[in-house]
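1. here are the coordinates; sequence isn't available:
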């Protein structure tokens, strides 16, 4: 375990966070972004995976106080377009608009 208390575990997760990183954590079954990583972003997949492991420990520790806390299968996801300005993001949007235009113009 990372820490002895919920505060220590949460502090460790907070130390891994980044502002606007492309990786985040969700439950594989529900898509929910659970506490303590609900709004967290991470710079790389390895850091996010470590945070997911620590978040699971946090939720296990929290379950001692609240046995009804749901289990979550935490996985790392990537938001490919976070921070992508210009180039690829704009190209993909333009491509999607072109395809939609062709599809709907066929009427």
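-> Perfect, I can see it now. In this text the structure is predicted, and so the values were computed from the model without any measurement.
2. the strand or helix carrying residue 48 packs against which elements?
-> Element membership for residue 48, per DSSP states H and E: helix 45-63. Counting contacts by 3 or more CB pairs under 8 Å, 6 or more residues apart in numbering; DSSP states H and E, helix 45-63 packs against helix 6-16, strand 23-27, strand 74-78. To be clear about C-beta, it is placed using only N, CA and C from the backbone, and glycine gets the same treatment.
3. reformat those as CSV; add mean neighbour count, distance to residue 98 and mean pLDDT.
-> Output for the helices and strands packed on helix 45-63, formatted as CSV (neighbours: other CB atoms under 10 Å; distance: least, CB to CB, whole Å; pLDDT from 0 to 100):
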stretch, mean neighbour count, distance to residue 98, mean pLDDT
helix 6-16, 15, 40, 94
strand 23-27, 20, 30, 94
strand 74-78, 16, 25, 93
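4. closest to residue 47 out of those?
-> helix 6-16 (5.2 Å; CB to CB).
5. quick one, that closest one and helix 45-63 angle?
-> 170 degrees (axes from the mean of the first three to the mean of the last three CA atoms, to 10 degrees).
6. output the lowest mean pLDDT helix or strand found in this protein.
-> Among the helical and strand segments of the chain, the one scoring lowest on mean pLDDT, DSSP states H and E is helix 87-105, with a mean of 66.
7. residues near residue 51, how many?
-> Per other CB atoms under 10 Å, the neighbour tally for residue 51 reads 27.
8. ugh, wrong one, residue 41
-> Neighbours of residue 41 under the rule other CB under 10 Å: 18.
9. tell me the pLDDT of it.
-> As predicted, residue 41 sits at a pLDDT of 96.
10. same question, residue 3
-> Residue 3 is assigned 64 on the pLDDT scale.
11. and residue 56, by the same measure?
-> At residue 56, pLDDT is 95.
12. quickly note the distance from the closest residue to residue 75 other than its chain neighbours to residue 51.
-> For residue 75, ignoring the flanking residues on the chain, the nearest one in space by CB to CB, 6 or more residues apart in numbering is residue 28 at 4.6 Å. As judged by CB to CB, to the nearest Å, residue 28 and residue 51 stand 15 Å apart.
13. fine, thanks again, bye for now.
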